[in-house]
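Asks: quick one, structure for this:
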Amino acid sequence: MQSGQAFEVEQAVEESASDPALSLDGVIVAADPHRSVALIRRSGGSYARAVTVGETIYGFELLEVSGSGIIVREGQEVLRLSLSGEWQSAPRTAPTDAMPEPPVEMPASVRTELQRSLVEARLSEEMPLILTQTGLTPRVLEGRVKGFRITRLPRGTVLDEAGIRTGDVVMSINEIALNSPYTLIDLYPRLQAEDEIRVVLERAGQTVTYVYNFN
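Replies: Purely as a prediction, here's the structure:
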């Protein structure tokens with residue numbers, strides 16, 4: 001390799017390290033830190049993916065989620081990404097006798113903007129996988145079905161990237177209470193023309209609303 005080429009490669013590596021290609025769209029901080037979630041997308045990407053602490057996305061391992069941002073590890077480097085988009089080094093040197101931070105409640109709602117044509121194209125392609133590999137179990141309270149718990153969800157699908165997680169209990173969609181399997185069957189055709197979809201679910205004992213706006 002010529003010296004000029006070597007310089008260009010080294011410069012590209014330095015630029016990549018100083019400007020990681022991630023964007024943080026939001027966070028959901030649970031009482032159990034290991035169940036906290038960050039909405040992460042590749043810089044310039046159209047969709048944010050819900051990532052749980054301990055998971056790896058685009059080469060970054062998610063270490064911590066807080067109300068102000070996230071801490072990730074890329075190789076040997078530990079970085080902090082704030083909700084404002086600011087990156088900084090974040091060496092993890094927490095003392096063993098440090099007091100744990102008080103639990104922070106998850107936000108009441110998470111709003112995401114989506115492009116309808118892209119979502120429809122992905123659903124058309126992924127629907128067989130979603131229908132065959134998504135597990136739903138009715139949650140019965142006082143003898144009545146009040147929502148459906150997601151017991152299995154295929155990774156990498158549009159539902160996964162929209163923030164829905166295994167263990168969530170989906171209670172209503174656009175104010176339609178999910179109280180029977182027949183309600184689920186009727187949902188998809190009723191929602192196709194909607195410009196906004198509101199999904200109310202329970203996660204880690206807390207209620208959160210995911211709002212999806214289509215343009």
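Asks: give me the domain ranges for this structure.
Replies: Per automatic domain parsing, the domain ranges recorded for the chain read 3-89, 109-214.
Asks: okay if I get those domains as a markdown table plus mean neighbour count and mean pLDDT?
Replies: For glycine as for every other residue, the C-beta is placed from the backbone atoms N, C-alpha and C. Output for the domains of the chain, formatted as a markdown table (neighbours: other CB atoms under 10 Å; pLDDT from 0 to 100):
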| stretch | mean neighbour count | mean pLDDT |
| --- | --- | --- |
| domain 3-89 | 15 | 76 |
| domain 109-214 | 15 | 89 |
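Asks: for the host helix or strand of E125, packing partners?
Replies: Using DSSP states H and E, the element containing E125 is helix 116-133. Helices and strands touching helix 116-133, by 3 or more CB pairs under 8 Å, 6 or more residues apart in numbering; DSSP states H and E, are helix 158-161.
Asks: how close does the most centrally placed residue in the chain sit to P181?
Replies: Compute the mean C-alpha point of the chain, and by CA atoms, centre = their mean the closest residue is A50, 1.3 Å away. The gap separating A50 from P181 is 25 Å, by CB to CB, to the nearest Å.
Asks: ok, now E125?
Replies: Distance from E125 to P181, by CB to CB: 25 Å.
Asks: can you check L118 too?
Replies: Counting by CB to CB, the gap from L118 to P181 is 29 Å.
Asks: can you give me the helices for the chain?
Replies: 3-18, 116-133, 158-161, 181-191 (DSSP state H).
Asks: who's in contact with the shortest one?
Replies: Okay, so that is helix 158-161. Residues from elsewhere that reach helix 158-161 (CB atoms under 8 Å, 6 or more residues apart in numbering): Y47, A48, R49, A50, V119, R122, L123, E126, I130, T134, L153, P154.
Asks: my guess is the fifth one contacts N215. True?
Replies: What it means is V119. No. Using CB atoms under 8 Å, V119 is not in contact with N215, being 10.5 Å away.
Asks: for T112, which non-adjacent residue is spatially closest?
Replies: Distance criterion CB to CB, 6 or more residues apart in numbering; nearest residue to T112, sequence neighbours excluded, is Y212 at 5.4 Å.
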